[in-house]
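# any chance you could fold what I've pasted below:
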Amino acid sequence: MAQVYISEGDTSEIVTKETNTAGVMTPIARITPDRGTFLRLLNRVAKGSEQGIPIYGKFRDSNGNLIATSAKLQFEISPAGTDERMKVSKRVEQISVYNSYSLQEQRNVDNVDATKVVLTSPENMGGDPVSNIEWADIQDLYLSMRAPSQIDWSQSEWYVDPTALEGPFNRGR
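Numbering: from 1, shown residues only. Presented below is the predicted three-dimensional model:
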């Protein structure tokens, strides 16, 4: 089973660290399935009661300070053959839950709903909530952030709840 995380500079095999541009919605992490496979993110897990994918994190800048709570997060996908990115989640309008709670507290059943990001169809297809998102090795899924400072992955952590990820599955080559 695939895992999606970045922990103080270490990453899972399918995740690449990215550095955001301060003040602009840009990727901070790229998730790419292994060659010949695809992955699926589920928009509902057996934790909490709300729809969405639980993500847990502590986002810090190069000075070790928490990224400002005004930062925004969203998932984006890059369709095959393009460099364009399309939003495929509702935007998290502020990250106070990640600043206020420890990683352990974020995973607690009483707080997990606050960490969920609702997956949607791409913007150009209406942006309505979907049951899951699938993407193949010829596509990239990104976690993007707009923040007043750049993230420093050597001092930050981010995890996708493992119950929300299925695969890898063969693409049928």
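# can you pull the contacts of the spatially most central residue of the chain?
Nearest to the mean C-alpha position of the chain, counting by Cα atoms, centre = their mean, stands Leu143 at 4.1 Å. Applying Cβ atoms under 8 Å, 6 or more residues apart in numbering to Leu143 gives the contacts 27-29, 31, 55, 73-75, 158. No exception for glycine: its C-beta is placed from N, CA and C like everyone else's.
# kindly write the ChimeraX command that selects the buried subset of these.
Restricted to buried positions by 16 or more other Cβ atoms under 10 Å, the ChimeraX selection for those reads:
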select :27,28,29,31,55,73,74,75,158
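# coming back round to it: the helix or strand the residue nearest to the centre of the chain falls within pairs with which strands?
Using DSSP states H and E, Leu143 sits in strand 140-146. Strand 140-146 has its sheet partners listed here by DSSP bridges as strand 26-31 (antiparallel), strand 72-78 (antiparallel).
# re earlier: what pLDDT does the residue nearest to the centre of the chain get?
The per-residue pLDDT reported for Leu143 equals 98.
# ditto for Asn65
pLDDT, Asn65: 98.
# ok, now how distant is it from Ile95?
Per Cβ to Cβ, to the nearest Å, Asn65 is found 13 Å from Ile95.
# more neighbours: which of the two?
Set Asn65 next to Ile95 and count neighbours by other Cβ atoms under 10 Å: Ile95 wins out with 22 against 11.
# give the contact list for that one.
Contacts of Ile95 were listed using Cβ under 8 Å, 6+ apart, and they are 59, 67, 69, 71-73.
# list buried residues within those residues.
Among these, those scoring as buried are 59, 67, 71, 73 (criterion: 16+ other Cβ under 10 Å).
# Gln51: which of those residues is nearest?
Using Cβ to Cβ, Leu73 comes nearest to Gln51 of those, at 16.5 Å.
# ok, what's across the strand from that closest one?
So, taking DSSP bridges as the rule, Leu73 has Val92, Met145 as bridge partners.
# related to what we said a few turns ago, so can I have CSV of the contacts of Ile95 showing distance to Ser149?
Below are the contacts of Ile95 laid out as CSV (distance: Cβ to Cβ, whole Å):
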residue, distance to Ser149
Phe59, 10
Ile67, 6
Thr69, 12
Ala71, 9
Lys72, 13
Leu73, 14
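# which of those residues sits closest to Ser49?
Nearest member of the contacts of Ile95 to Ser49, counting by Cβ to Cβ, is Leu73, at 21.3 Å.
# surely the closest one touches Lys87?
No - Leu73 is beyond contact range of Lys87, at 10.9 Å (criterion: Cβ atoms under 8 Å).
# strands of the protein, start to end?
In the chain, the segments counted as strands under DSSP state E are 5-7, 10-11, 15-17, 26-31, 37-42, 53-58, 72-78, 86-87, 116-117, 132-136, 140-146, 157-160, 165-170.
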